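Participant: Fold the following and give me the result.
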Amino acid sequence: MSANAIDVSRTRSDSEEQQLRIDLAAAFRLAVLFDWHESVANHFSAAVSDDGKTFLLNPRWKHFGTICASDLLLLNSDDSSVMDSADAPDPSAWCIHGNIHARVPHARVLLHCHPPYATALCGLQDPAIKPIDQNTARFYNRVAIDLSFGGIADDQAEGQRIASAFVNHSIMMMGNHGVSVAAQTVAEAFDQLYFLERAARTMVLAYSTGQPLNIMDNALAEKTAAAWDNYTAMSFAHFEQMKELLDRTDSNWRK
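Facilitator: Model prediction:
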């Protein structure tokens with residue numbers, strides 16, 4: 001390898017990986033706290049290598065409320081032999097997360113789940129989040145919408161299709177399915193998912209009135225969405241404080 005070459009397979013140091021494990025474990029516990037989970041289903045992952053192919057993933061069929069940092073599997077998307085092992089991950093997790101980490105560079109962390117309100121929107125013919133307040137406007141023109149659901153994603157072709165549907169977005173509303181949120185860090189992914197579900201709840205409640213939505217014009221919606229970029233640091237403060245709240249009742253998730 002030349003001096004200027006980049007080893008894209010480089011993995012994080014032990015301390016970096018451990019911190020990533022702790023943060024991801026916190027995300028699982030917080031998903032239970034906010035009722036975003038489906039018990040032993042759904043999956044969160046985080047890339048460990050620079051190329052994204054080596055990543056952490058929750059074990060097959062383990063309840064989100066019991067996941068600890070040490071439980072997370074360390075996998076490589078190029079090594080499909082893991083699916084024949086006793087510790088094989090859930091096939092749909094391998095299909096979705098393996099393909100997205102390998103094919104979507106900005107998806108360092110991927111949170112995929114079926115939270116109630118966002119999933120309700122994904123069951124509509126038009127699952128778009130309309131800019132009707134500042135939280136919903138946060139997602140204006142910033143969400144990929146995939147309406148080509150092909151059943152449970154347990155084969156490579158469907159995983160590749162889902163990865164391609166992400167394009168350059170960090171959030172995807174998956175029609176007839178759920179949501180996926182990608183980010184550089186667990187903190188940013190968690191914050192996006194938190195506000196996405198709140199925005200979806202606002203949409204569902206507004207729709208439930210039967211009255212016309214008061215949708216912002218394009219210029220105002222874009223101005224409001226862009227203003228959220230000034231609050232990036234809030235994501236990290238938000239996540240740190242949520243971890244502190246978890247620790248007040250149980251810190252075993254860190255182990």
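Participant: does residue 19 sit in a helix or strand, and which one?
Facilitator: Assigned by DSSP states H and E, residue 19 belongs to helix 14-33.
Participant: Send over stretch 51-58 as PDB, restricted to the C-alpha atoms.
Facilitator: Extracted in PDB, the C-alpha atoms of stretch 51-58 (Å, rounded to 0.1, in the frame of the first residue of the first chain):
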ATOM      1  CA  ASP A  51     -15.800   1.400   4.600                       C
ATOM      2  CA  GLY A  52     -18.900   0.600   6.700                       C
ATOM      3  CA  LYS A  53     -18.700  -3.100   6.000                       C
ATOM      4  CA  THR A  54     -17.800  -4.000   9.600                       C
ATOM      5  CA  PHE A  55     -20.600  -3.000  11.800                       C
ATOM      6  CA  LEU A  56     -22.400  -3.600  15.200                       C
ATOM      7  CA  LEU A  57     -25.900  -5.100  15.200                       C
ATOM      8  CA  ASN A  58     -28.300  -6.400  17.800                       C
END
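Participant: residues of that stretch that come out buried?
Facilitator: 51-58 (16 or more other Cβ atoms under 10 Å). C-beta: built from backbone N, CA, C; applies to glycine.
Participant: any idea of the mean pLDDT in the helix holding residue 19?
Facilitator: Regarding helix 14-33, the rounded mean pLDDT is 97.
Participant: And the next helix or strand past it?
Facilitator: Counting by DSSP H and E, what follows helix 14-33 is strand 43-47.
Participant: still on that earlier bit, same for the helix holding residue 19, what does it pack against?
Facilitator: Helices and strands touching helix 14-33, as assessed by 3 or more Cβ pairs under 8 Å, 6 or more residues apart in numbering; DSSP states H and E, comprise strand 43-47, strand 54-57, strand 109-113, helix 186-208, helix 232-249.
Participant: buried set for the helix or strand of the chain with the lowest mean pLDDT?
Facilitator: Least confident helix or strand of the chain, by mean pLDDT, DSSP states H and E, is helix 156-166 with a mean of 92. Within helix 156-166, the residues that count as buried by 16+ other Cβ under 10 Å are 158-160, 162-163, 165-166.
Participant: between those, which is closest to residue 211?
Facilitator: Within the buried residues of helix 156-166, the smallest distance to residue 211 is 32.5 Å, found for residue 165 (Cβ to Cβ).
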